[in-house]
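>>> Below is the structure, and that's it, no one-letter string:
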């Protein structure tokens, strides 16, 4: 899923987020924003990449997913281990399932079968002993070879 940088105004804050269709996201956000929003940059990534970017620009954080603009935002490269790797994608699925507490919603969100979400959850639970209620980040740094 692409990671986007949406800017408010010509030199305003930047929203760093993820969306399947970043231009649609600009339109959605525009309805509730008083400044003109523009799509400044789109890069390949995932929720994990978005999280890395939020950490990278934490010193410039304003609120939620909004950050004070910095020129590095135009050129920053996400480290390979945070890109949409298999482990990162599975972590995105696990974290989404954890947040939504509903495999059907997660399956629709990632355009995969509900059974596949169950399989991923089962592998996660087997490897961690966690019942998808806590500890997902611990698994991310562990062995995911059985996925």
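Good, I have the coordinates. Computed from a predicted model, the values in this text were never measured in an experiment.

>>> And the helices in the chain?
For the chain, the helices defined by DSSP state H cover 22-30, 47-56, 86-100, 103-110, 114-128, 136-140.

>>> relative to helix 103-110, how tilted is the third one?
It stands for helix 86-100. Helix 86-100 runs at 130 degrees relative to helix 103-110, counting by axes from the mean of the first three to the mean of the last three Cα atoms, to 10 degrees.

>>> which stretches of the chain have low pLDDT?
Within the chain, the stretches with pLDDT under 70 are 81, 83-88, 127-147.

>>> in it, which residue is closest to the centre?
Closest residue to the average C-alpha location of the chain: residue 47 at 1.8 Å, with Cα atoms, centre = their mean.

>>> Just give the nearest non-adjacent residue to that residue, would you?
Leaving out its chain neighbours, the residue that sits closest to residue 47 by Cβ to Cβ, 6 or more residues apart in numbering is residue 92, at 4.2 Å. For every residue, glycine as well, the C-beta is placed using N, CA and C.

>>> Was I right to think the one you found contacts residue 46?
Yes: using Cβ atoms under 8 Å, residue 92 is in contact with residue 46, at 5.2 Å.

>>> Need the residues touching each of the two.
Taking Cβ atoms under 8 Å, 6 or more residues apart in numbering as the contact rule, residue 92 and residue 46 both touch residue 1.

>>> Show me how this structure divides into domains.
Using automatic domain parsing, the domain parsing of the chain gives 3-78, 86-140.
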